[in-house]
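J.: got a predicted structure here, sequence first:
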Protein chains: 8
Amino acid sequence: ARTGFAEVIYCSNKADEHLLKIFERLYHEEGEVLGTRASQSQYELVREKFPQVQYDPLSRILKIEKLDKVHEGKIAVCTAGTADIPVAEEAAQTAEYFGTHVERIYDVGVSGMHRLFSRLEVIQEANCVVAVAGMEGALASVMGGLVSRPVIAVPTSVGYGANFHGLSALLTMINSCANGIATVNIDNGYGAGYLATQINRLALGK
Amino acid sequence: ARTGFAEVIYCSNKADEHLLKIFERLYHEEGEVLGTRASQSQYELVREKFPQVQYDPLSRILKIEKLDKVHEGKIAVCTAGTADIPVAEEAAQTAEYFGTHVERIYDVGVSGMHRLFSRLEVIQEANCVVAVAGMEGALASVMGGLVSRPVIAVPTSVGYGANFHGLSALLTMINSCANGIATVNIDNGYGAGYLATQINRLALGK
Amino acid sequence: ARTGFAEVIYCSNKADEHLLKIFERLYHEEGEVLGTRASQSQYELVREKFPQVQYDPLSRILKIEKLDKVHEGKIAVCTAGTADIPVAEEAAQTAEYFGTHVERIYDVGVSGMHRLFSRLEVIQEANCVVAVAGMEGALASVMGGLVSRPVIAVPTSVGYGANFHGLSALLTMINSCANGIATVNIDNGYGAGYLATQINRLALGK
Amino acid sequence: ARTGFAEVIYCSNKADEHLLKIFERLYHEEGEVLGTRASQSQYELVREKFPQVQYDPLSRILKIEKLDKVHEGKIAVCTAGTADIPVAEEAAQTAEYFGTHVERIYDVGVSGMHRLFSRLEVIQEANCVVAVAGMEGALASVMGGLVSRPVIAVPTSVGYGANFHGLSALLTMINSCANGIATVNIDNGYGAGYLATQINRLALGK
Amino acid sequence: ARTGFAEVIYCSNKADEHLLKIFERLYHEEGEVLGTRASQSQYELVREKFPQVQYDPLSRILKIEKLDKVHEGKIAVCTAGTADIPVAEEAAQTAEYFGTHVERIYDVGVSGMHRLFSRLEVIQEANCVVAVAGMEGALASVMGGLVSRPVIAVPTSVGYGANFHGLSALLTMINSCANGIATVNIDNGYGAGYLATQINRLALGK
Amino acid sequence: ARTGFAEVIYCSNKADEHLLKIFERLYHEEGEVLGTRASQSQYELVREKFPQVQYDPLSRILKIEKLDKVHEGKIAVCTAGTADIPVAEEAAQTAEYFGTHVERIYDVGVSGMHRLFSRLEVIQEANCVVAVAGMEGALASVMGGLVSRPVIAVPTSVGYGANFHGLSALLTMINSCANGIATVNIDNGYGAGYLATQINRLALGK
Amino acid sequence: ARTGFAEVIYCSNKADEHLLKIFERLYHEEGEVLGTRASQSQYELVREKFPQVQYDPLSRILKIEKLDKVHEGKIAVCTAGTADIPVAEEAAQTAEYFGTHVERIYDVGVSGMHRLFSRLEVIQEANCVVAVAGMEGALASVMGGLVSRPVIAVPTSVGYGANFHGLSALLTMINSCANGIATVNIDNGYGAGYLATQINRLALGK
Amino acid sequence: ARTGFAEVIYCSNKADEHLLKIFERLYHEEGEVLGTRASQSQYELVREKFPQVQYDPLSRILKIEKLDKVHEGKIAVCTAGTADIPVAEEAAQTAEYFGTHVERIYDVGVSGMHRLFSRLEVIQEANCVVAVAGMEGALASVMGGLVSRPVIAVPTSVGYGANFHGLSALLTMINSCANGIATVNIDNGYGAGYLATQINRLALGK
Ligand SMILES: Nc1ncnc2c1ncn2[C@@H]1O[C@H](COP(=O)(O)O)[C@@H](O)[C@H]1O
Ligand SMILES: Nc1ncnc2c1ncn2[C@@H]1O[C@H](COP(=O)(O)O)[C@@H](O)[C@H]1O
Ligand SMILES: Nc1ncnc2c1ncn2[C@@H]1O[C@H](COP(=O)(O)O)[C@@H](O)[C@H]1O
Ligand SMILES: Nc1ncnc2c1ncn2[C@@H]1O[C@H](COP(=O)(O)O)[C@@H](O)[C@H]1O
Ligand SMILES: [Mg+2]
Ligand SMILES: [Mg+2]
Ligand SMILES: [Mg+2]
Ligand SMILES: [Mg+2]
Ligand SMILES: [Mg+2]
Ligand SMILES: [Mg+2]
Ligand SMILES: [Mg+2]
Ligand SMILES: [Mg+2]
């Protein structure tokens, strides 16, 4: 593709026949395919035609990936809690699919800040940090205060009550008083992985 | 008063005659009076009758205070930025009026976290911490992760855009994943000072 | 733990393997474990490894508790209606787990205010009152007008229509014109029990 | 008028010429006129043509009223605080203009509940109670639990922060768990006085 | 009861044992019981102990009613569409249970206004009109312009998209430019029936 | 212009030099200019250079218009109250500027529905109806039930309290159960006049 | 019908007996019937009585249609993505049912804008364009900038997170800076097809 | 500074003495200072002490800048309309202050898309695009579909009615179906300029 990124399938709500048709077209164009937000039954559907397809129920990524993939540069994907890991994995695996080297630093939120400090060096070396957090989403602000590279903040719908399905974390991130924080949609790991790859490529001189 | 707290005047929107009448009644009942959210012109109005009245334009507190006030125990009042100081002063001066000893630790938000760490010991010794912050309000979460005493979180309307006049900070504080955080209304320094005093008194065995 | 509170497991949305691993780690560190928001099937999962585990389907608390637990001081946990009891039990059992003596005063909301007045003395003797209410949440305001100790207000999602899943009660509590009211998240009984314990400990000189 | 109520002028935002024209028309049709939400300068404008016009800056009511007005039946207009009085006066004076006898019981909110109990008998004898309250608006719920006649709840914009200009009080009143509570718009004293008159007339067999 | 209204059971979310216990207590106190928002399985539960209990799946009312009930006065219960009928029936049956005579005028909304005009006389004779409408809820305003008695407006959650589960209709009713409109919670037929009964009783001189 | 509509200047917030520059350019391209949302001082600014410019403080339209303008077809512009007239005039004058014949039918809302019925024939003959209303905005629904041509609904910010600056009327119009209603932004008279002209032109075979 | 449009059944939430009764009545009045938002089980219910009934699970339209239907004029129905097709089909099939000729141009959103440009001529020839889009709904603005005929914008609930079930797309469309855009409710394909037909008929001189 | 970015002063709401003190400190540390959101009177205040200070009333930037500043790399700052220029200038001048080369491409929104296409090449060559837009904010989506580098979307508060002071544009940008879009707070030009600089530096291998 002109953008250097192949088209990706957002599987959610796609009718079976539409999903299969797009999957086939992309497979023939690119020799590999990435689908996000796929369900178990969509996996089974696609597997009938493409037995080599892989499905990760945590990130809900459905893909056929070329074998010779090289992962370059470095981004860090961090989460505040363990419940944020599915969104973080969507980000990490998207970035890896597009050739980015990913460091995972999970469960380093405000209540586990010592774990954050023990991994700080690797985070500070990354070209870009993805900060994934629900509830009040303070991780993005904390991160923004500690690193000099762009932070992509991903609010998650993790939490209850006045989290309003992720709105609370979204507002936190958009209003952060720390510098260098850019926000994507609630639970949009895919978008964060894409952006992080764009930034990482620039750092690689691509 | 039965509660151990004299009545306080919320001056905002009070008609002149009402304000004066209540001020006089309370002065005669208690020998001292605390008014919050007073304007400069309300100060001038009251000063005509009570030349000894004191007014602080920052906290907007208007008061006549007994000379022999003792300040006991210890609470810490912290702010994320300098723009949060007016609300913090409302909290601090309210607590002092009710006999509480207050430590002020200002401008220790996410972008100045080293200042927070340099004052951490005094914060951890307090019976109660008041955390005042606008924008995304992450200070309360950070504080909650560092101290074992109750944190009273005061969201402020400081910020712009999607802070929605303090709603963003309020949601952050209500959803905090840190333990031991209780929230009051946006810009409600008075309420925080009152609560901190209640808790400080319990710690003093009162 | 440094804070005097052992780590607690928020079971909701935890993958089985994660839940078990954390449960085991905490059990070995502390000799007891508290889990909140556990489902029946999580209980069955944990019971296979820890036959002594206890589960209360009302509060959804899953725990192994040391036998020699002493309950000191006094807090009061009150509800407006019977539908608020599950949240109140989460608060009460959390406080008890952390060594607090709890008085339960349920179903004393605006439509049963005579019941409130008949229990007023015990409420006024508590070091801290937890007020749990849904719908319009007026209980917190009524309570704040009657006691001189801190009131921790817990809005619940009980109600329908314009209660907006607890937002109505949350706003009521945050805006209360009564003094000494601190608010936690919608349905956050755990947070209220934790805070009440912090306050109760201060009153005990701990 | 067919409805038994003369037309009323909502003065706010009316152009001078429109206001004067409607005022004249109604004066000639009815021999008296009621205008709500009038400004001082609108008063001065109308006074030039109608020197007998009366203006109350508190309620912002502008009127020429027939001399022989009889006030029948009984309604009670109550407020939580003194800042709610302007809205209450709009309600009370509207009801009086339409021939209703009004009892005013002001400043009897949650923090002055003893004053409420001292006036309870007169409230319970009214055909209808108007409860005017801002901030969290708990007065309506308390009232609903104490009287057997309809309660018309008027939320006011009094307060700050998360009161969201009266939304908090409005939601409280709409969600009240007490029976017999009907709500009108924020600050709509006029509408409450009108409704209370409709109910009072039914009680009078009119 | 002092209020002239027996206590009513809000069945929704009640645990089985709680529901049965309250049902029994009320039955013994009053010789009849009204429950709202009951499910089919709650009906079956109660029927085991009280075979004479009646259940209407449309209004979800579960009741044992005395045989000699007289229905006096007159109220009109109107709906905009057929999908609003369940809420209207909750209102009508509640009012009837409390001794009120009810006229039902259904499906007379803006798209069927000719049907409204054909029934106008009976509506105008009622002591009180209950207007039940979802979507944009314009029925309440239309009604308010046509009758001189109080209109109790009940917004319903009928509709989709930007109806926001009834918020749209609620705002319409609260902001109505017609006089004499009082609003209750979304889908709160019970509350409307109760209020209409209070007003009808006043008209009957009770 | 390709679209058959000349460019229009939205004057609000334009810097003086920008406004003048655009005004001049359009005048030279078209020989006439239409500006909306102009202030008195912008009028005075433009008048210095273009003494023939006309300004209507009600609609806030600032224009130089060709003398030979023909008004064809027919649209009806209706308002619920008199306070909605400024927005209606913006719509009407925009449509007239673009060559449309406009019938004005003002103050025909729910409280003056008899006036609506007396003008119904002219409304029903129009190719398109513009319904302008604030508060609860029911006029659009009423209109939609009475005419067979498209209704363009314009919510206005007229009202107070829970009108939320026009949101209430907007939601009413978007959710209308009447057929054939299309909605534009709050107070967007210009947009309605433009759309009505597009529809009127189609009816004229243009 | 007087309006030139037969009554349409909104099947959602209709009780079986109500649905059947209305279906029969309309069939006998018109000889054909259109139902929207029908479920599979409603289809099976109606099919028992009317074996000739047709059901499209994508658009959820249930209908009996006369055989001799002529489709005149031209409207274009466009979607941003494939997930918006069900709503677009509701619009297209409604318009066809009412005798309108429809061009379908699907999947031409911002990420496939080249497809939009390849179909631009047919879009620009239409009397009216229906633009169906979820997520951020930018298609309507893009379309408004390219065509000179009215654009009816239909926001869809497609998306996740901060799309707030279609609110995001609705606000986009209502605030569009392009001219000639009218908006209907979220997912309201029916309303858009109806409006497009009204406009198309005017263009046909009907 | 460790981050490679000197501290910047957010002047809004700063007390005069605080502003001066911080300005002096930073000037002595860095030999240059950048202040954002400064008022005319703050400019006059600072000028007394620092006659060399420069103030731009459009962007509201107040600064003393070193003479030897080199601007490297390339970013593009684009606006939808002219009213968005103040925010865009805050972004552009911030980036330039930090050493970034900026291309300005203004007034290229949906209604001037031909202007966008005429400048497309320079936009596509930038390392990062800043898209500034109010009202419905569609520019960000359009841009995201045309470039392969990261797009930083800045919603502005430009517009009226349902733009809700920028919320509409913010939601549009957060929900964009185009890839590679990161969003900052409403009117936050500073934040966008900072982020764009971070990305540009990575592309420069810094
Ligand atoms: N999880 C995701 N969240 C948001 N956008 C996505 C996601 N996965 C894929 N996309 C984008 O959605 C586009 C596909 O939309 P569609 O044509 O509906 O399949 C792709 O081009 C991706 O840019
Ligand atoms: N304060 C008020 N709040 C709400 N409605 C009012 C108020 N005062 C008068 N009204 C109503 O507004 C109508 C007048 O509207 P208008 O034609 O705009 O003057 C009157 O018939 C009253 O029903
Ligand atoms: N459908 C209903 N909606 C709102 N309130 C109700 C409803 N049904 C009963 N109630 C009220 O709720 C109270 C009982 O609440 P509870 O003690 O939770 O059963 C009764 O006294 C009624 O006043
Ligand atoms: N999908 C739809 N969305 C909105 N309104 C509809 C829809 N389908 C039908 N309608 C309208 O709803 C009215 C029928 O409402 P009802 O009487 O509840 O069946 C019809 O007259 C149509 O105008
Ligand atoms: Mg940083
Ligand atoms: Mg802590
Ligand atoms: Mg108290
Ligand atoms: Mg009562
Ligand atoms: Mg009426
Ligand atoms: Mg119509
Ligand atoms: Mg156009
Ligand atoms: Mg792109």
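T.: Right, received. Where do you want to start? Ligands and ions are numbered 1, 2, ... in the order given.
J.: between its first and last residues, how far does stretch A:54-70 reach?
T.: By CA to CA, to the nearest Å, the extent of stretch A:54-70 from end to end equals 18 Å.
J.: can you check stretch A:26-38 too?
T.: Stretch A:26-38 has an end-to-end distance of 16 Å (CA to CA).
J.: and what about the most centrally placed residue in chain A, helix, strand or coil?
T.: Nearest to the geometric centre of chain A sits residue A:91, at 1.0 Å (CA atoms, centre = their mean). What DSSP: H, G, I helix; E, B strand; the rest coil gives for residue A:91 is helix.
J.: list the helices and strands the helix or strand hosting residue A:87 packs on?
T.: In this structure, residue A:87 is located in helix A:85-97 according to DSSP states H and E. Contact here means 3 or more CB pairs under 8 Å, 6 or more residues apart in numbering or on different chains; DSSP states H and E; on that basis helix A:85-97 packs against strand A:33-36, strand A:61-64, strand A:72-79, strand A:100-105, strand A:128-133, strand A:151-155, helix A:189-203. Yep, even glycine has a C-beta here, placed from its N, CA and C like the rest.
J.: run the angle between that helix and helix A:189-203 for me.
T.: 40 degrees (axes from the mean of the first three to the mean of the last three CA atoms, to 10 degrees).
J.: quick one: low-confidence parts of chain A?
T.: Within chain A, the ranges that satisfy pLDDT under 70 run A:1-2.
J.: against residue E:12, how distant is the one residue in it that gets nearest to chain D?
T.: Of all residues in chain A, residue A:162 sits closest to chain D, at 10.9 Å by CB to the nearest CB. As judged by CB to CB, to the nearest Å, residue A:162 and residue E:12 stand 22 Å apart.
J.: between these two, which one's more packed in?
T.: Higher neighbour count among residue A:162 and residue E:12: residue A:162, with 29 against 16, using other CB atoms under 10 Å in any protein chain shown.
J.: ok, now which ones touch that one?
T.: Shown in contact with residue A:162 (CB atoms under 8 Å, 6 or more residues apart in numbering or on different chains): A:168, B:171, B:174-175, C:166-167, C:170, C:185-186.
J.: likewise residue A:147?
T.: Residue A:147 sits next to A:123-124, A:126, A:129, A:180, H:3 when contact means CB under 8 Å, 6+ apart.
J.: now, which of those residues sits nearest ligand 9?
T.: residue A:180 (59.1 Å; CB to the ion).
J.: how much space separates that closest one from ligand 6?
T.: The gap separating residue A:180 from ligand 6 is 28 Å, by CB to the ion, to the nearest Å.
J.: I'd assumed residue A:152 was in contact with that residue.
T.: No - taking CB atoms under 8 Å as the definition, residue A:180 is not a contact partner of residue A:152, at 9.9 Å.
J.: neighbours of residue A:52, how many?
T.: Residues contacting residue A:52 under the criterion other CB under 10 Å number 7.
J.: so it sits in a strand?
T.: No - using three-state DSSP, the assignment for residue A:52 is coil, not a strand.
J.: how about it: what's its closest non-neighbour residue?
T.: Counting by CB to CB, 6 or more residues apart in numbering or on different chains, residue A:64 is the residue found nearest to residue A:52 once chain neighbours are left out, at 5.8 Å.
J.: which ones are touching the nearest residue to residue A:4 once chain neighbours are set aside?
T.: Leaving aside its sequence neighbours, residue A:4 sits nearest to residue H:148 (CB to CB, 6+ apart; 5.7 Å). Contacts for residue H:148 (CB under 8 Å, 6+ apart) come out as A:2-5, A:198, H:124, H:180.
J.: from the residues you listed, pick the one nearest residue B:136.
T.: Relative to residue B:136, the closest of the contacts of residue H:148 is residue H:180; by CB to CB it sits at 24.3 Å.
J.: any idea how far residue G:171 is from the closest one?
T.: As judged by CB to CB, residue H:180 and residue G:171 stand 23 Å apart.
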